[in-house]
Structure formats: structure tokens, C-alpha cells
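Visitor: Based on what follows, work out the 3D shape:
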Amino acid sequence: MLRRCASFLFKPDGLARERGRRVGSPSALRKLNDRVALYALLESGPLSRHELESAASVSRPAAAELLRRLEESGLARRAGHRPGGPGPQAQLWTINERAAFAAGVDVSDTGLDAVISDLGGTPLGEAKTTVEPGEDPVHAVKRLLTATARRAGIRRSEIRQVAVGISGSVDPESGTLSHAEHIAEWTGFDVAARLSETLGVPVTVENDVKLVLSDEARRGRAVGCDEVLLLWMGHGISIAAITGGRLQRGFHGSAGEMTFVRVGPDGPFAGRLLATEGVLELARSHGLWASDPVELLESARGAENRAEAIGGFLTAFAGRIVDVLAPPVALIDPELVILGGEIGVAGGADLAELVRNRLHELLALRPRVVAGTGHANAVRQGALDDALERLRQAVFDNARDIRAS
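Guide: Sure, this is the predicted structure:
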């Protein structure tokens, strides 16, 4: 039976978490009560005062005082009445979504992609751009967020938290990128620090494949799972892992960087086996001539009378995947393995089944193997999720100090 986690890092029950922290001085308790109430309104609102009493486990006078405080701070607002008539019990309250705004940015070798949302997570505006030749990439992000804010109907200065997903590994000490030769303009400096200084707000930077796994954990194949391994296959390859419900980054921030790891003594690099060029080379060795591995894999998916060449190619490709996956699967013991990236998603259930069967032949472990969801803008969404979580923690922790414009 699959194990399901009660409280998962990537979809936190903020209300339950805050309830467990009620210790300390009266001022600390007031702050905790504010957070409990705000998470209740965010996750279950609109709520009446009576419903908030129950959700936040506070008395009637305390609930009334909470709502007064939160309305005054600009973090809660009135949201009409419950059918049945006016009065304190019929008045509904909800989070003031426009009290603060967050932004997520996807940085890749093809350009920049940004989205801005309100405190409730509703997207308000999005935009894309490229880094012009010779342009400082940090200033390109500022230019992009200014344009995105304009589309969202706000000023860029109203954004209070930014998270960036980037195609490289972020060193937790220096803030510099490694494994990022394809975006050399982003190397050689503390990315988060430069962005934060330029934008004037807190900025976090995360590896793009780890954000894809975060997206799978929040709304994709890995919802409810706390031991997951994702293999990303595209123009490069990478592995991301969740263990114990936590995204693993490694001591140097480079956990899962597999492109230049050799498979076997003096064997080929993993990236050579599973990335775009390696897949096309394998296809040619089976008499299949294609210029796009995604089209090739999609055409083979679900075919009832699959040609012998295609069947041989898929079996050989699944074997290559297992050669790369077997060691981390044996080490991590995941309940779920996701084949992600454009190549993994294109392979669909057919490729996932071949990989699962081969894994089960080699290892005593029996993880499920599935193709990734292939959500559009998964990196950008993962970055926005990260920014929103940090924004809410910061805003809810200082409820009485916030004055929404």
C-alpha cells in the first residue's frame, strides 16, 4: 500500500502548522493567533466570525478582536453576508488578496518568463522577454518585471517577494551558478544578492528541475508522496529528489546534476545517453531517422502494431534510462519515479512501463514509474509557489505592521 503523508512540505496545511506553535508571551500568542486566522481565511474563506472561532480555536471575543486587528492592518476584508440575514454571525470575511504581491521568473537559455500573482495566488499578469546582446541579465529581469507589473495593473514596487527558477545549480554559500555554461551571462556573481539589490525586494533562486518536481508535488503526479525521484530528459538531463517530504539540494546545491556523470567505468556520460542527441543517435542505430526525439516518441506511443525497429528502440532506451536511474533509486528508495522533461513526457505510459519492468528485474525495490505531467510553465509556476509561500510567512508574521495600499 502506498504511504500518504499527512503534512506535505510542498502543499503545507498552514492552519494546522500554526495551531501547533501556540506557546509564549501574550504578544507572541497574539501574533500566532493572527497567523492562524489568516491561514484559515486563506485556505477556507470566506468565513463568518463564528466559523473563524472554530477554525482558529479562539473564543468569540478573541475572534472579534482578531478580525478588527486584521481589517485594520489591511490583511482581511469583508466579503458580503451569509444568506439568511445581516448581523455579526452572517458577516463574511476573507483574506485581502491585494495586500501584497509575488512574482515568479523562469530563466533559461531561450529567454525570461515572468508571472505576478496576488497574495491569494491568483495570476494577474505575465510577460516574456529575451536578454539583449550585451545587456546585464539582472537589469533584463527588472525590465521584465516592470512590464509584467504593468500588465497586472500594479507598480513594480508593490511586488514584495520574487523567486527565480534557473537552469543551473545555485551554490548556497556564494550564490553563484554552476552547470550553467549555456547561460554564461548569469555566472560569476551572487545571483540572488544582485537581483535583490536591483529589485529592492527579497529574491530566492532555485534550480529549474527542482521547481518542476515541486510543481509535480503540489498539483501533479507526486501529490501526497514524500519519497519521489524525477529524471529530467531534454537537451540535458538532471535528477531531482524529495526525501522525507523535503526537496534535496545537496551541500553544494548541485544534487542531481547528472549530465557529466559516467555510466560504468570509462562508460559514456549520462547526458550522452539520455539527452536529445543521444536519443536520436540510438534511434538511428535502430534504423529510425528523426530530427526530434519528442515527435519520435509521441508517434510510438500507444501504437497497437508497433514496428520491430520502434519496439527495439524503446526497449533499448528504457535500458539506458535504468542504467542511469538504478543507483539513485537503490539509494533513495522512492515510492514514485517520474520521467520528466520533454523526452520523458513524450514517452508516456509505454516508456514508463518498460522502465518500471526493467527496474523491477534489477532491483528488489518496486517504485511506481510514471511519465511527468508536462505542465506548461512548470518552472515559472514552481518559482511563483516558492515566492508566495515566503511572502505569506513574512506578511502573516507581521500582520500588525502591514498597511496595504
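Visitor: which intervals of the stretch 151-300 of the chain have sub-threshold pLDDT?
Guide: Residue ranges of the stretch 151-300 of the chain with pLDDT under 70: none are present.
Visitor: again, only using 90
Guide: Residue ranges of the stretch 151-300 of the chain with pLDDT under 90: 168, 172, 177-183, 250-260, 264-267, 289, 299-300.
Visitor: can you check the stretch 301-405 of the chain too?
Guide: In the stretch 301-405 of the chain (pLDDT under 90), the answer is 301-311, 365, 376, 396-405.
Visitor: give me every residue that touches residue 187.
Guide: By Cβ atoms under 8 Å, 6 or more residues apart in numbering, residue 187 lies in contact with 168, 176, 177, 178, 180. All C-beta spots, glycine's among them, are computed from the backbone N, C-alpha and C.
Visitor: Please convert the buried members of those into ChimeraX selection syntax.
Guide: Remark: buried members of the contacts of residue 187, expressed as a ChimeraX selection using 16 or more other Cβ atoms under 10 Å:
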select :168,176,177,180
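Visitor: can you map out the helices along the protein?
Guide: Taking DSSP state H to define them, one finds helices in the chain at 14-19, 26-44, 49-56, 60-73, 137-152, 191-199, 208-219, 270-274, 276-285, 293-300, 308-332, 341-362, 378-397.
Visitor: coming back round to it: please flag which of the contacts of residue 187 sit within strands.
Guide: When DSSP state E is applied, these are split such that 177, 178 fall in strands.
Visitor: What is the nearest of the contacts of residue 187 to residue 190?
Guide: Nearest to residue 190 among the contacts of residue 187 is residue 176, at 6.3 Å by Cβ to Cβ.
Visitor: And the closest one, how close does it get to residue 324?
Guide: 27 Å (Cβ to Cβ, to the nearest Å).
Visitor: possible to save the contacts of residue 187 as CSV with distance to residue 188?
Guide: Converted to CSV, those look like this (distance: Cβ to Cβ, whole Å):
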residue, distance to residue 188
168, 12
176, 7
177, 8
178, 11
180, 10
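Visitor: before we move on, back to that, and the helices of the chain, which is most packed in?
Guide: Most buried of the helices of the chain, by mean neighbour count (mean count of other Cβ atoms under 10 Å): helix 208-219, with a mean of 25.
Visitor: For that helix, which helices and strands make contact with it?
Guide: With contacts taken as 3 or more Cβ pairs under 8 Å, 6 or more residues apart in numbering; DSSP states H and E, helix 208-219 sits against strand 101-108, strand 159-166, strand 228-233, strand 237-243, strand 246-247, strand 336-340, helix 378-397.
Visitor: let's go with 6 Å and repeat that
Guide: strand 237-243, helix 378-397 (3 or more Cβ pairs under 6 Å, 6 or more residues apart in numbering; DSSP states H and E).
Visitor: Only alpha carbons, please: show it as PDB.
Guide: Extracted in PDB, the C-alpha atoms of helix 208-219 (Å, rounded to 0.1, in the frame of the first residue of the first chain):
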ATOM      1  CA  ASP A 208      14.600  24.800 -12.600                       C
ATOM      2  CA  VAL A 209      14.300  20.900 -12.500                       C
ATOM      3  CA  LYS A 210      13.800  21.100  -8.700                       C
ATOM      4  CA  LEU A 211      11.000  23.500  -9.300                       C
ATOM      5  CA  VAL A 212       9.400  21.200 -11.800                       C
ATOM      6  CA  LEU A 213       9.400  18.500  -9.100                       C
ATOM      7  CA  SER A 214       7.900  21.000  -6.700                       C
ATOM      8  CA  ASP A 215       5.100  21.600  -9.200                       C
ATOM      9  CA  GLU A 216       4.600  17.800  -9.600                       C
ATOM     10  CA  ALA A 217       4.400  17.600  -5.800                       C
ATOM     11  CA  ARG A 218       1.800  20.400  -5.500                       C
ATOM     12  CA  ARG A 219      -0.500  19.600  -8.400                       C
END
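Visitor: relative orientation of that helix and helix 378-397 in degrees?
Guide: 70 degrees (axes from the mean of the first three to the mean of the last three Cα atoms, to 10 degrees).
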